[in-house]
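*Asks:* Give me a model of this one.
(chains A and B)
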Amino acid sequence: DTAVSQTPKYLVTQMGNDKSIKCEQNLGHDTMYWYKQDSKKFLKIMFSYNNKELIINETVPNRFSPKSPDKAHLNLHINSLELGDSAVYFCASSQDLNGGELFFGEGSRLTVL
Amino acid sequence: AQSVTQLGSHVSVSEGALVLLRCNYSSSVPPYLFWYVQYPNQGLQLLLKYTSAATLVKGINGFEAEFKKSETSFHLTKPSAHMRDAAEYFCAVSPEAAGNKLTFGGGTRVLVKP
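*Replies:* Predicted coordinates:
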């Protein structure tokens, strides 16, 4: 069983569309994250949730809206997609907020045309 | 504020040779430090972490890293490279009490020549 699973793995869409990426973890962790990796492999945190509560909300356009229906799921919805949103989006989880290991999903590659 | 600098975006080593990846950090509070590895088309996987215990940290796959506070460094080494070590390596820092907010370096791609 995959510990942190994201869907879809690949997503190609037109500018202006709205899309969602889903993430689920079966590790029983309390904390989940979204990271964005750009074309130069630079990784930057976008959001983190702990027990469904928003903890970290970096400077991200408000077109990006995370939702955590329960602590095992953290979805990312993106409105009005722009070319610059093209990237690989990684979901991750950790036991809690106390400096532990992050477990990453395999990534969702979003291409905006 | 915290930041991470990885010197060298690409490192090429021969199989069996020493692997040395450099990481320097800045942090206003005592840091936790991590090295992650990313194989092609996969997510990141933890190699090792420093959380204020022993300064020499051993990780998986024969890697180790040494925390040097005076140099604000956390360099990663492996005595003998293997072909399977070809991947992207990321150093990351997290302030001890900042809710696991990792800041990553720009990554170093390791190429292993036969």
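
*Asks:* got the contact list for the closest residue to B:Gly16 other than its chain neighbours?
*Replies:* Sequence neighbours aside, B:Ser80 is the residue nearest to B:Gly16 in space, at 5.2 Å (criterion: CB to CB, 6 or more residues apart in numbering or on different chains). To be clear about C-beta, it is placed using only N, CA and C from the backbone, and glycine gets the same treatment. If a contact means CB atoms under 8 Å, 6 or more residues apart in numbering or on different chains, then B:Ser80 has B:Gly16, B:Ala17, B:Leu18, B:Gly62 as its contacts.

*Asks:* which pair in those spans the largest distance?
*Replies:* B:Ala17 and B:Gly62 (13.2 Å; CB to CB).

*Asks:* Contact residues of chain B facing chain A?
*Replies:* With CB under 8 Å from any CB of the partner chain as the criterion, chain B meets chain A at residues B:32, B:34, B:36, B:41-46, B:49, B:51, B:88, B:90, B:94, B:96, B:99-104, B:106-107, B:109.

*Asks:* Now the buried members of those.
*Replies:* The neighbour-count test (16 or more other CB atoms under 10 Å in any protein chain shown) marks B:32, B:34, B:36, B:43-46, B:49, B:51, B:88, B:90, B:94, B:100-104, B:106-107 as buried among those.

*Asks:* returning to what we had before: sort out for me which of the residues of chain B next to chain A are in strands.
*Replies:* B:32, B:34, B:36, B:44-46, B:49, B:88, B:90, B:94, B:103-104, B:109 (DSSP state E).

*Asks:* Now tell me which helix or strand of chain A has the poorest mean pLDDT.
*Replies:* strand A:53-57 (a mean of 86; mean pLDDT, DSSP states H and E).

*Asks:* ok, now how distant is the residue nearest in space to the middle of chain B from A:Gln6?
*Replies:* For chain B, B:Trp35 is the residue whose C-alpha lies nearest the centre (CA atoms, centre = their mean; 3.4 Å). B:Trp35 is 23 Å from A:Gln6, where distance means CB to CB, to the nearest Å.

*Asks:* cool, B:Leu33 as well?
*Replies:* B:Leu33 is 26 Å from A:Gln6, by CB to CB.

*Asks:* Below-threshold pLDDT in the chain: ranges please.
*Replies:* Looking at chain A here, since you left the chain open. A:1 (pLDDT under 70).

*Asks:* if you could check chain B rather than the one you did, that'd help
*Replies:* B:96-99.

*Asks:* elements contacting the helix or strand containing A:Arg109?
*Replies:* In this structure, A:Arg109 is located in strand A:108-112 according to DSSP states H and E. Applying 3 or more CB pairs under 8 Å, 6 or more residues apart in numbering or on different chains; DSSP states H and E, one finds that strand A:108-112 contacts strand A:10-13, strand A:19-25, strand A:87-94.
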